[in-house]
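Asker: Got a predicted model here, sequence first, then my questions.
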Amino acid sequence: MTDPAAKTLVPILRISFPDEDRLGRGKMELLEHIRVTGSISAAGRAMDMSYRRAWLLVSEMNRMFCEQVVESQRGGQKGGGAALTPFGEQLLARFRRMESILQASLAEDLAWLEAKRNPRRDGHG
């Protein structure tokens, strides 16, 4: 049985910075996994992403802002780890809030599109 929520229209928020940096749901999902796992590599694995790719995305986010988004600790007695900084927590919360505002703002138009959508289409087009 297909999840009905998977068939609803969803606006996707992506913020493009003037210098070609981008912030979107993939990076936010990575931050959420880092928060839960305390690890960049575990967060990457949770997203079927290599450690290198996850590390590059974290590095990119840390470079995009005046404050660090993620802090990582090198291995030691307890091994390495990573955590969102207070700024990283704020960034994630604000991005999720922007997504909610976007969804709410477009709800009427999305409902109209949904009502006009051909249900026999397989998602292409």
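Answerer: The structure has been received and is ready for your questions. Numbers count the residues shown, from 1 in each chain.
Asker: Output the below-cut-off pLDDT ranges for this structure.
Answerer: 1-6, 75-79, 121-125 (pLDDT under 70).
Asker: Who are the packing partners of whichever strand or helix holds Ser59?
Answerer: Using DSSP states H and E, the element containing Ser59 is helix 51-64. With contacts taken as 3 or more C-beta pairs under 8 Å, 6 or more residues apart in numbering; DSSP states H and E, helix 51-64 sits against helix 25-37, helix 40-46, strand 70-73. To be clear about C-beta, it is placed using only N, CA and C from the backbone, and glycine gets the same treatment.
Asker: partners of the last one, with directions?
Answerer: Same thing as strand 70-73. strand 81-84 (antiparallel) (DSSP bridges).
Asker: Let me know the angle separating the following helix or strand past the partner strand from helix 25-37.
Answerer: Downstream of strand 81-84, the next assigned helix or strand under DSSP H and E is helix 86-116. Counting by axes from the mean of the first three to the mean of the last three C-alpha atoms, to 10 degrees, helix 86-116 lies at 130 degrees to helix 25-37.
Asker: What are the buried residues along helix 86-116?
Answerer: 88, 91-92, 95, 99 (16 or more other C-beta atoms under 10 Å).
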